[in-house]
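Undergrad: I'll drop the sequence and a predicted model, then ask my questions.
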Amino acid sequence: MPDAAPSRVLITPLPSAVRLGVRCAHSHLPEMESGLSATFPQAIRQVAGTPQRFVSCLGPDEWVFSAPATEFPDVRRKIRQLTESTPCSVTDISSRELSYRLDGPAAAALLNSGCPANLRDMPAPSAARTVFEGVQVSLVKWSEDAFRLDVWRSFAPHVLAGLHLAQRDVHSDQ
């Protein structure tokens, strides 16, 4: 259920998703793309896809694939086939993180209250691994006022408390 606090930013928990950490050489990206029916961006911080099904590049040979949870059986079958013929590392990280969508004209300001990255200058769409309130998070900026935040499950209460505190501050500045 979305956070109904009166503010210019809506914080919404996102449903469970298939999330895979993928490591492979760029020369094997065509096999990964074909096997998962997804585009793998070539450069760090790039994102390809839609908010429901996407791949983000977080490192020189590191990607995160995310898709609706309903795709899990099909994705698992495809990964088994891929790893038999393609030198890569694919790790199911679906249970590790919780995801939230932040929407509103002050979303970047709210996130910047606890994040050192300049999110206003971050192009959309793009992704970054950064910190919020001292906790590692992954962000995807879908538009100027829409972000996805992924945080390890054990740190989610701390991050949400920081977001809600910043949300009150953003509201008081209106």
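TA: Okay, I see it. Numbers count the residues shown, from 1 in each chain.

Undergrad: C-alpha only now, for contacts and for neighbours.
TA: Will do.

Undergrad: What does the pLDDT read for residue 167?
TA: Looking at residue 167, its pLDDT reads 88.

Undergrad: can you count the residues close to it?
TA: Neighbourhood size, residue 167 [other CA atoms under 10 Å]: 25.

Undergrad: Just say helix, strand or coil for it.
TA: What DSSP: H, G, I helix; E, B strand; the rest coil gives for residue 167 is helix.

Undergrad: correct me, but it touches residue 110?
TA: Yes - using CA atoms under 8 Å, residue 167 is in contact with residue 110, at 6.3 Å.

Undergrad: what is in contact with the two at once?
TA: Residues touching both residue 167 and residue 110 by CA atoms under 8 Å, 6 or more residues apart in numbering: residue 9.

Undergrad: Backbone dihedrals for residue 34, please?
TA: phi -70, psi -40 (degrees, to the nearest 10).

Undergrad: surely residue 10 meets residue 100?
TA: No - in this structure, residue 10 is not within contact of residue 100 by CA under 8 Å, at 9.8 Å.

Undergrad: Pull the residues that contact stretch 50-64.
TA: Contacts for stretch 50-64 (CA under 8 Å, 6+ apart): 19-26, 38-49, 65-68, 126-129, 142.

Undergrad: average model confidence for that stretch?
TA: pLDDT averaged over stretch 50-64 gives 97.

Undergrad: Show me which positions of it end up buried.
TA: By 16 or more other CA atoms under 10 Å, the buried positions in stretch 50-64 come out as 51, 53, 54, 55, 56, 57, 58, 61, 62, 63, 64.

Undergrad: Also stretch 155-174?
TA: Buried residues in stretch 155-174 (16+ other CA under 10 Å): 156, 159, 162, 163, 164, 166, 167, 168, 170.

Undergrad: can you count the residues close to the residue nearest to residue 147 when sequence neighbours are not counted?
TA: Residue nearest to residue 147 in three dimensions, not counting chain neighbours: residue 141, with 4.5 Å by CA to CA, 6 or more residues apart in numbering. If you count neighbours by other CA under 10 Å, residue 141 ends up with 26.
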